[in-house]
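# Build the 3D model from these lines:
(chains A, B, C, D, E, F, G and H)
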Protein chains: 8
Amino acid sequence: MKTLSDYLQAFRNGELTKSQILEKIAASSIVDLSHTRLDMQRRARTGQGEVIFGQSKTTAQILEIADELRARGENVLATRLSQEAIAALQKNFPEARASEQARLVSIGENPPVSPKSFIAIVSAGTSDLSVAEEARLSAEFFGSRVKTFYDCGVAGLHRLTARIEEIRAAKAIVAVAGMEGALASVVAGLVKTPVIAVPTSVGYGASFGGLAALLAMMNSCANGVSVVNIDNGFGAGYNAHLINSL
Amino acid sequence: MKTLSDYLQAFRNGELTKSQILEKIAASSIVDLSHTRLDMQRRARTGQGEVIFGQSKTTAQILEIADELRARGENVLATRLSQEAIAALQKNFPEARASEQARLVSIGENPPVSPKSFIAIVSAGTSDLSVAEEARLSAEFFGSRVKTFYDCGVAGLHRLTARIEEIRAAKAIVAVAGMEGALASVVAGLVKTPVIAVPTSVGYGASFGGLAALLAMMNSCANGVSVVNIDNGFGAGYNAHLINSL
Amino acid sequence: MKTLSDYLQAFRNGELTKSQILEKIAASSIVDLSHTRLDMQRRARTGQGEVIFGQSKTTAQILEIADELRARGENVLATRLSQEAIAALQKNFPEARASEQARLVSIGENPPVSPKSFIAIVSAGTSDLSVAEEARLSAEFFGSRVKTFYDCGVAGLHRLTARIEEIRAAKAIVAVAGMEGALASVVAGLVKTPVIAVPTSVGYGASFGGLAALLAMMNSCANGVSVVNIDNGFGAGYNAHLINSL
Amino acid sequence: MKTLSDYLQAFRNGELTKSQILEKIAASSIVDLSHTRLDMQRRARTGQGEVIFGQSKTTAQILEIADELRARGENVLATRLSQEAIAALQKNFPEARASEQARLVSIGENPPVSPKSFIAIVSAGTSDLSVAEEARLSAEFFGSRVKTFYDCGVAGLHRLTARIEEIRAAKAIVAVAGMEGALASVVAGLVKTPVIAVPTSVGYGASFGGLAALLAMMNSCANGVSVVNIDNGFGAGYNAHLINSL
Amino acid sequence: MKTLSDYLQAFRNGELTKSQILEKIAASSIVDLSHTRLDMQRRARTGQGEVIFGQSKTTAQILEIADELRARGENVLATRLSQEAIAALQKNFPEARASEQARLVSIGENPPVSPKSFIAIVSAGTSDLSVAEEARLSAEFFGSRVKTFYDCGVAGLHRLTARIEEIRAAKAIVAVAGMEGALASVVAGLVKTPVIAVPTSVGYGASFGGLAALLAMMNSCANGVSVVNIDNGFGAGYNAHLINSL
Amino acid sequence: MKTLSDYLQAFRNGELTKSQILEKIAASSIVDLSHTRLDMQRRARTGQGEVIFGQSKTTAQILEIADELRARGENVLATRLSQEAIAALQKNFPEARASEQARLVSIGENPPVSPKSFIAIVSAGTSDLSVAEEARLSAEFFGSRVKTFYDCGVAGLHRLTARIEEIRAAKAIVAVAGMEGALASVVAGLVKTPVIAVPTSVGYGASFGGLAALLAMMNSCANGVSVVNIDNGFGAGYNAHLINSL
Amino acid sequence: MKTLSDYLQAFRNGELTKSQILEKIAASSIVDLSHTRLDMQRRARTGQGEVIFGQSKTTAQILEIADELRARGENVLATRLSQEAIAALQKNFPEARASEQARLVSIGENPPVSPKSFIAIVSAGTSDLSVAEEARLSAEFFGSRVKTFYDCGVAGLHRLTARIEEIRAAKAIVAVAGMEGALASVVAGLVKTPVIAVPTSVGYGASFGGLAALLAMMNSCANGVSVVNIDNGFGAGYNAHLINSL
Amino acid sequence: MKTLSDYLQAFRNGELTKSQILEKIAASSIVDLSHTRLDMQRRARTGQGEVIFGQSKTTAQILEIADELRARGENVLATRLSQEAIAALQKNFPEARASEQARLVSIGENPPVSPKSFIAIVSAGTSDLSVAEEARLSAEFFGSRVKTFYDCGVAGLHRLTARIEEIRAAKAIVAVAGMEGALASVVAGLVKTPVIAVPTSVGYGASFGGLAALLAMMNSCANGVSVVNIDNGFGAGYNAHLINSL
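As a prediction, the model looks like this:
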């Protein structure tokens, strides 16, 4: 099998066209597991390696991807896992750290971002904890320091205002709330920091699985709020980490 | 033409059946203007006379209804009026009081409810004023005293908290907000008073004409909130007045 | 550990800034159970203590919160409980009163509101009973007297009109209905009392989980209706109690 | 040009295949106006000729269709007309009867259905009149007798119950209502007659252009209700006429 | 206990007011089972007795209602039953006829409507059978004769056109279809008979549980279609029976 | 029993009317299995025989249909099968080929379309595989050659661009993607071939079961995209095969 | 200014890196008009040049783009034009052909595709004409031959079946329909050809601007249907042309 | 009038309670213009002063707010302005800079953020320009440097990839796109920078005023995307500036 160097030489010699060499280069960065084609360029391109989105994958597929990533020296973060998949990963990778609440497993540690800056994760109610924890563990996996401010819903504003000075010190804020999602607006009105809002599916009836909170956060009357998908704790943690890394 | 007394006598005499007398009674309470059949029993039944909902009525129809009500000694409240209808009512009824901002005209005064108690109307932004004013003028028409707390949006919490003691003294609270509608939750978390929430159509994009605020208010994490239709300042003022009258 | 008095003295002495003393005060009113931060100020602020929203909480969390509240002399109301959580609460608190139909447990009794006034709970069909019962038991927990008028759906108007005089005597009315939710409009057209409407998820097809009833109640052609979330019996009972307490 | 008889003979002679003769037959029943292909078979097939749906047609197109239909001895009903189209039809067809309120023109008279039976059209409010009138005039065009019961909204039930005996005598009932559309359920609970419900776009905010009324009518707790499109007075009149003709 | 006659006499004697006697009369027609208040007037008022809507009722409640109705000489129709409820009804009422496919039980027979007229039930696919059967058995319970035309979806038009003459002979037509619901339009374009359309929840993805078919049927370009709720076979059968009984 | 030939003769003799002979012809092409009426004309009319849509059919019904089709020499494709139905078909038809991932069984082979042309199936992620496989196996059943390009999501564009020359060589392209469905636009911007887009229900929260992807594909800024139902791999494979057969 | 050849030489000489040369190549194919960057590679890549989407562009911008394209020898198709933009294009480009009905202008002629094959455009009603014409003129611009079959709505099936043999002869079919959109299913059930369905916004009430037709077409029970955006005549014409060109 | 210092002294003296002094402090930071209560604390709290949201405010109100802010030395940014309001601001404030395309006026300059870092604003099409410009001018007003990359829609990927290295150098990226909104996913898959996505209302039919793009961006398969409201260029510019300022 020819190596990438062989191909590059052939190109300089005029034996390969430009589009041929480009395809060779791109192809070399893909690991094909038949069901999944791992994108080994992602770290170079986006600063982070592939993350395993566990939903709708079989446990066997998840294990195979994790194996391949570990074999290539990558750390592994897998989200939205079934209990079965969590158990399998813990068995196969003794160094794995798992959270059943956040439905997440991480293997390996990324180098820490500057220890001075941190991310604040503010959540509204006990029921939002699993999403908030997914955000926290994701951000920590990528190397950010996190402080949590849980159960700060706006029905009891002093729970939030009592800690607002600490929250203001963060470099990025994640606001997690279901129901009417008012937390994002209230927090953003009190700080100078970008707020990543995560609507959760906590609620019933006219919450329509988180739609009420999503729309509310989209329409925040306070400046500085941007929104990720319903229950997307991972996405919020990732975004906050990107900001915290600046 | 026979009077209701005649009919009642005929019934006692067995000349009319029960269902016949019932229809006679009901019919006597309806004034038929061909396009509209006024419900003259409404005051006895619900405590308030008919209110004219101006939308989709012609100016001529509105004037005719107002004439008929005045002729029978009723006070008149007309809402959702066009500028044309407002002008016509002002011309025909010199004693009318009109608000272009609230698109509303009232004629005559109802006796005041006890002067001690009052309704607090809290609104989020300048753009919500027309709805808030519809609520205020409606409640005042029915005889309630109102204090307004405008432009208290949650993006600047201190504008609200600076006046919360005054708001707490109200017997009923109306909270008017568009965009994410968080005001209702924040107010309800700070008071012991029932909060009537009015979502407004203020906003754009994913506010979907007030739907975002409506859903948020429906899902309030604070207890004590109930909700009326988008932009329904009249309904909020009416509900608040019912509570204030207790 | 310093007490709040110590801190207050330090403030008068100028040893603490204003924002420092404010945070101390607020913090002293929060009981931190790691998953939940109880808001012990809520009674002072809103007239009622914390209520446990059971959905998405584990039985262990619910028990811990109930323990903490009881330890501080609070009565407990827990809603949206699983059968497991009901059983656990009944076992741990022999004085608890539970309703499987309403998925609710209460512990302790609040002092009764004036025995003369009462709340009327009107419901449309047999299938709406669990929501109506949640409203009844919630209002009773807070100290209100309740009379129920069940199975009064508009398909048989005389079931409602036969009892309308009793309903008119109430200080607040809760109207519970699924399907097309017409009950709220019909009741409100017959009374002088504020009507709290509760749409239920009873129905199928184009009821869209209660959305049809919610929209109908929002658009009531009768005055005096305000609406709470789908299936939110607790919220309706709470609102009605606030009005009944005036 | 060959006639249909020629073609039929050719078929019996074996000169045309079956599918060829079928296409000839079908084609002979279509009048091609380039923009519109009139279906001259419709009366034979469905009992009624073509009706002109005026919306999105130019006035010139509408006039051309009306001319063609009249030339062939058909009566004409045109709905959803602009003011311009109404005026043009009135000018070109002096015998035309027009209603600006119902946005409708009819030309010619269909033979009356049995004079004993009639259709009852019940409507909720003044604002629903234009739709109710479209239903009335459509049913009358097809030959049915109609009695109207306007402004019978459920906010004042006695306006309806006062006339229920008359309504019960109808062979078909049309119920027209916007806002929460409760009228359909209340009427259907009181009669033995099929009820055709027409939601109207009357309302604002969460009526969502008639969706609230449509969903409510779809979910009627009373038996015997079927529903046509929002503001579709014509469709209701047509359906009621079909039933009235049985 | 006083009888209704006693009360009527008291009224003629002037011992009871009109509103008192009215309530006595209405109350006498209601059987209170605590969870359900049976409406014994319904047959007189609407031509049919109460039907048991089985969804969200317990088997015990359903049995109790059936017992009460049978004890008063009423026939019983129960719909949307669980398998458990079907079995229990069959055990308690040996004369019951049950259909698991249609999730329905009937007890007793209503007198047949004129044997000449019949209802045509046309359905689109095999998957729509349970709804079509609910329509058939409901109509038959009330006394109508039914002919079925199943699996006539528009993807193979000749399955429908081959039988259209038979369908045209019906006095009322029920059209049952999921997916895109085109069957209703195609049938209505071919007949002179009112078509009751039933959207079903058959489909997936963008059928949104029957919403696609419901909207399509609402917007039928053919005249003579009215629509009942998604999967509401009972409602269609009932409406068709009302028409067939004329 | 008379044969179709008898009827045709009778028609030429004038013993049957045209509409009578037409019904005879149509009826002869329908196989009635009581629950299902097989359309044996479909191959002649549309080029393909009936396909069994397994969802909401019982295993017994599916087997009976497959038996009937096989008895008449038809190949069989059955989609959206339960595991039970797959097993039953495999047991009864040893020659059947099944895919649990695609929930599909095929029996018999259609003659291959020209071996030179092929369909490209491009999919976004591992989670979209079952839909992509349904498309592939369906197209292959009808006789098309297929090349797959799986896991080419736009988050790693080079996975797609590395293979774009191969994809360009296809005669039709199927693009399968959930979440934001951007794959369809990106592919269509790079090729001259019609792209059949299949939104999948892969995702969570605001993907609303595939609605987000469906809307995105509908609004593609690139030309040449048309869309089938959410998760409709079969439909995409069928459409692509029609194009590939040209 | 250096030419692309200069850059390529520099790359062979090793003076430019690979990514530098790639950017040079890509950049050379873009014409920057400040508001718009024309993609001059598009013809090579997708087989067709840029099309001007006129909506939300000023007339000045549209003219500038058209000038630039003409200057480079490209033919021009501009869609969704205002009347003002149509007039300006006609004035500036005397050779332009314009359709006010289709809101479209074309300049220049593409070489015709094989004269034997053609596209059939079938539409449901007069009101759908503007969308159907947009499809026709777009396909003709690209060089396809088109036959139109207008006003073939399913309310009069024979208008469609009379011409089905002609339609079957097409290589691709476009089906245009608003309201319930049933035309697509009925056509697809009768042909062996791919059907591109275009929902139109024709209708009112519960058509929700074309959503009803879109959902219906998505859920077609007939195989072979794929769907483009509401009112997207251009897209349908383009897709049909791609297929017709095979 | 007493000053804040007077009040603070009174508090130290014990003449004011704590809650009294708190209200005095909060009140001193609010400028009451009757229609609007300016939040003069906002800069201290959130780092930026008040921004005027012009929609639903009268020109007179906007001018009065701008006057007040300028009088207090604040710079002014006003968004969503009518042409009338833009002209009035330009007349009253000669130093104002206005953009009709972005519907925005700024008065005064904020000190620049570090000149090295910049924000990249990438937009999909010409029609998205007004939103992109609102983002650019907002970010520049707050002091950020911006580079724009307009008309980079994914239908012509090379327009984007040609400039990706420049985009990668940004500290924050704003991605503006309507229609299917795929741009956000494609950009985020190629960079290490947080991407603020702005859906625009550009499109028609099933774009539902930007909802399609909003949902697509919410469901991005690429990491690092967060979303603001439809057409909310200001919000994106503000968020990007917050990140750029870190």
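
# where are the low-confidence patches of chain A?
The model of chain A has pLDDT under 70 over residues A:1-9, A:18-30, A:34, A:40-41, A:44.

# Using the record, which stretches count as separate domains in it?
A:1-32, A:35-107, A:119-245 (automatic domain parsing).

# How about the contacts made by the residue lying closest to residue A:57 once chain neighbours are set aside?
Residue nearest to residue A:57 in three dimensions, not counting chain neighbours: residue F:126, with 5.7 Å by CB to CB, 6 or more residues apart in numbering or on different chains. For every residue, glycine as well, the C-beta is placed using N, CA and C. Going by CB atoms under 8 Å, 6 or more residues apart in numbering or on different chains, residue F:126 touches A:35-36, A:56-57, A:61, F:150-151.

# go again using 7 Å as the cut-off
The neighbours of residue F:126, taking CB atoms under 7 Å, 6 or more residues apart in numbering or on different chains as the test, are A:35-36, A:57, A:61, F:151.

# Same check on residue A:46?
Contacts for residue A:46 (CB under 7 Å, 6+ apart) come out as H:189, H:191-192, H:224.

# I'd like those residues laid out as a markdown table, including secondary structure, neighbour count and distance to chain C.
Output for those, formatted as a markdown table (DSSP: H, G, I helix; E, B strand; the rest coil; neighbours: other CB atoms under 10 Å in any protein chain shown; distance: CB to the nearest CB, whole Å):
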| residue | secondary structure | neighbour count | distance to chain C |
| --- | --- | --- | --- |
| H:189 | coil | 25 | 34 |
| H:191 | coil | 22 | 36 |
| H:192 | coil | 15 | 35 |
| H:224 | coil | 25 | 29 |
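
# that older thread, scan the contacts of residue F:126 and report the most crowded one.
Neighbour counts for the contacts of residue F:126, by other CB atoms under 10 Å in any protein chain shown, peak at residue F:151, which reaches 26 neighbours.

# before we move on, what SS does it have?
Following DSSP: H, G, I helix; E, B strand; the rest coil, residue F:151 is assigned to coil.

# Got phi/psi on the closest residue to it other than its chain neighbours?
Ranked by CB to CB, 6+ apart and with sequence neighbours excluded, the top spatial neighbour of residue F:151 is residue A:37, at 4.0 Å. With angles defined as degrees, to the nearest 10, residue A:37 sits at phi -120, psi 100.

# What separation is there between residue A:37 and residue H:81?
According to CB to CB, to the nearest Å, residue A:37 stands 50 Å off from residue H:81.

# neighbour-wise, which of the two wins?
Ranked by neighbour count (other CB under 10 Å), residue A:37 and residue H:81 place residue H:81 first, with 25 against 22.

# hang on, the more buried one in a helix?
No. Applying three-state DSSP, one finds residue H:81 to be coil, outside a helix.

# okay, now the closest residue in space to it that isn't next to it in sequence: neighbour count?
Excluding the flanking residues, the one nearest residue H:81 by CB to CB, 6+ apart is residue H:54, at 4.1 Å. Residue H:54 has 23 neighbours, counted by other CB under 10 Å.

# which bits of chain A sit near chain C?
A:126-127, A:129, A:150-151, A:156, A:158-159, A:161-162, A:202, A:204-206 (CB under 7 Å from any CB of the partner chain).

# rerun that using 8 Å as the cut-off
A:125-127, A:129, A:150-152, A:155-156, A:158-159, A:161-163, A:165, A:202, A:204-207 (CB under 8 Å from any CB of the partner chain).

# ranges for the helices of chain A?
Under the criterion DSSP state H, chain A contains helices at A:4-12, A:18-28, A:42-46, A:59-71, A:83-92, A:129-142, A:157-161, A:164-168, A:183-188, A:211-218, A:233-244.

# can you redo the domains of chain A as CSV with distance to residue G:145?
Listed next are the domains of chain A as CSV, based on distance: least, CB to CB, whole Å:
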stretch, distance to residue G:145
domain A:1-32, 35
domain A:35-107, 43
domain A:119-245, 47
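
# which of the ones you listed is buried the deepest?
Most buried of the domains of chain A, by mean neighbour count (mean count of other CB atoms under 10 Å in any protein chain shown): domain A:119-245, with a mean of 27.

# now the end-to-end length of that one.
In domain A:119-245, first residue to last residue: 10 Å (CA to CA, to the nearest Å).

# Centre of the chain to it, how far?
What separates the centre of domain A:119-245 from the centre of its chain is 14 Å, taken as CA atoms, centre = their mean, to the nearest Å.

# How about stretch A:235-246?
8 Å.

# Please work out which residues outside that stretch touch it.
The contact list for stretch A:235-246 (CB under 8 Å, 6+ apart) reads A:47-48, A:113, A:117-119, A:121, A:134-139, A:142-145, A:171-174, A:176, A:194, A:196-198, A:226, A:228-229, H:171, H:192-194, H:223-226, H:243, H:246.

# what do you get if the cut-off is 6 Å, keeping everything else the same?
Residues outside stretch A:235-246 that contact it (CB atoms under 6 Å, 6 or more residues apart in numbering or on different chains) are A:113, A:117, A:119, A:135, A:138-139, A:142, A:144, A:171-172, A:174, A:196, A:198, A:228, H:194, H:223-224, H:226, H:243, H:246.

# picking that back up, so which of the contacts of residue A:46 comes closest to chain A?
Checking those against chain A with CB to the nearest CB, the nearest one is residue H:192 at 3.5 Å.

# Settle this for me: the closest one is touching residue A:47, isn't it.
Yes. At 3.5 Å, residue H:192 counts as touching residue A:47 under the criterion of CB atoms under 6 Å.

# excluding its backbone neighbours, what's nearest residue A:171?
Closest residue in space to residue A:171, ignoring its immediate chain neighbours: residue A:117 at 4.2 Å, by CB to CB, 6+ apart.

# residues contacting residue A:95?
Applying CB under 6 Å, 6+ apart, we find residue A:95 in contact with no residue.

# what does chain A put close to chain E?
On the criterion CB under 6 Å from any CB of the partner chain, chain E has no neighbours in chain A.

# Which residue is it, in chain A, that comes closest to chain F?
Closest to chain F within chain A is residue A:230: 2.9 Å, counting by CB to the nearest CB.

# re earlier: what residues are bridge-paired with the residue nearest to residue F:151?
Beta-bridge partners recorded for residue A:37 (DSSP bridges): residue A:32.

# Distance check, it against residue H:224.
21 Å.

# again, but for residue A:243
10 Å.

# for residue A:244, same thing?
From residue A:244 over to residue H:224 (counting by CB to CB), the distance is 13 Å.

# same check, this time on residue A:122
In this view, residue A:122 and residue H:224 are 21 Å apart by CB to CB.

# Check residue A:133 too.
Per CB to CB, residue A:133 is found 21 Å from residue H:224.

# again, but for residue A:95
Per CB to CB, residue A:95 is found 27 Å from residue H:224.

# give the contact list for the closest residue to residue A:133 other than its chain neighbours.
Nearest non-adjacent residue to residue A:133, counting by CB to CB, 6+ apart: residue A:102, 3.9 Å away. Contact analysis of residue A:102 by CB under 6 Å, 6+ apart lists A:130, A:133-134, A:137.

# try 8 Å this time
A:130, A:133-134, A:136-137, A:233.

# do the same with residue A:172
Residues counted as contacts of residue A:172 (CB under 8 Å, 6+ apart) are A:119-120, A:193-194, A:196, A:239-241, A:243-244.

# closest to residue C:216 among those residues?
residue A:196 (37.3 Å; CB to CB).

# what is the closest one paired to in the beta sheet?
residue A:174, residue A:226.

# Report whether the expected contact of it with residue A:228 is present.
Yes. The criterion here is CB atoms under 8 Å, and residue A:196 meets it with residue A:228 at 6.4 Å.

# Give the residues shared as contacts by the two.
Both residue A:196 and residue A:228 are contacted by A:236, A:239, H:226, under the criterion CB under 8 Å, 6+ apart.

# Tell me the spacing between the first one and chain D.
When distances are taken as CB to the nearest CB, to the nearest Å, residue A:236 and chain D turn out to be 31 Å apart.

# again with the last one
Residue H:226 is 29 Å from chain D, where distance means CB to the nearest CB.
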